[in-house]
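*Asks:* Predicted structure and sequence below. I'll ask about it afterward.
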Amino acid sequence: AASDPVDAKIVYVNRAFTQLTGYTLSEVVGRAPQFLHGPKTDAGVLARLQHGLGAGRPFIGQLIHYRKDGTEFHVECSLAPLRDGEERITHWIAVLRDVSEQQRVAEALQASEARYRSVIDSIREVVFQTDTVGRWVFLNPAWETITRFTVTPAPATSRASVPRHAVSPGDGARRGICAL
């Protein structure tokens, strides 16, 4: 029955679907959409999808799907029930948006940030960052090593989380430290 998402079968796909997946309309009509899933398709997301659809609720989530040629692609999947005049679910509509490029960029940014963090954390000189009003928002581990002062998170309203007496005026020129 169309009201049971587990039993739902594809009745139509548009040209964008065929271009995205490599499957033709005749190859997918009558099939359950699970043929798009594969080894990297997140079982947890699928469980959320099944739970939501089983309750007749829309679903939005990201999945890894697989093309006819076996290559993977990331999709944002939006599913919603279509109801008849008596509010019974007769069909489901799914919109797949290819987010592979956004995923690639996010993964590249995450890797870049990890490399940056590794470099900053291994430098033996103090590296710091302040916000636009002069509050310290970041100190690398060298701060504690050099000053023997522990870095403690400060409330957002605080001017500085580092004691003034911990920094001598000459240190700023030698070590890139700024007293606030």
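*Replies:* Perfect, I can see it now.
*Asks:* check contacts around Ile64.
*Replies:* Neighbour list for Ile64: 38, 40-42, 72-75 [criterion: CB atoms under 8 Å, 6 or more residues apart in numbering]. No exception for glycine: its C-beta is placed from N, CA and C like everyone else's.
*Asks:* Report the two of these separated the most.
*Replies:* Using CB to CB, the pair of those lying farthest apart is Asp42 and Phe73, separated by 14.0 Å.
*Asks:* between the two, who's got more neighbours?
*Replies:* Neighbour comparison, Asp42 and Phe73: the larger count goes to Phe73, with 18 against 14 (by other CB atoms under 10 Å).
*Asks:* Which positions in the single longest helix found in the chain come out as buried?
*Replies:* Using DSSP state H, we find that the single longest helix of the chain is helix 100-122. Residues Gln103 are the ones in helix 100-122 that count as buried (16 or more other CB atoms under 10 Å).
*Asks:* Run through who's touching that helix.
*Replies:* Here helix 100-122 has contacts from 62, 73-74, 127, 140-141, using CB under 8 Å, 6+ apart.
*Asks:* can you list those in CSV and add distance to Gln34?
*Replies:* Listed next are the contacts of helix 100-122 as CSV, based on distance: CB to CB, whole Å:
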residue, distance to Gln34
Gln62, 17
Phe73, 16
His74, 17
Val127, 49
Asn140, 48
Pro141, 48
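*Asks:* Need the buried ones from these selected in PyMOL.
*Replies:* Entered in PyMOL, the line below selects the buried ones among those, by 16+ other CB under 10 Å:
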select buried, resi 73+74+127+140
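*Asks:* Let's see which of the contacts of helix 100-122 end up in strands.
*Replies:* Here DSSP state E is the test, and those give 62, 73-74 as lying in strands.
*Asks:* just those now: which is nearest Val95?
*Replies:* Gln62 (13.0 Å).
*Asks:* Pull up the gap between the closest one and Ala43, please.
*Replies:* Separation of Gln62 from Ala43 (CB to CB, to the nearest Å): 14 Å.
*Asks:* buried ones in whatever helix or strand comes next after the longest helix of the chain?
*Replies:* Where DSSP states H and E defines the elements, the next helix or strand beyond helix 100-122 is strand 128-130. Within strand 128-130, the residues that count as buried by 16+ other CB under 10 Å are Phe128.
*Asks:* could you give me the average pLDDT of strand 128-130?
*Replies:* On average, the pLDDT along strand 128-130 is 84.
*Asks:* I'm done for today, thanks for sticking with me.
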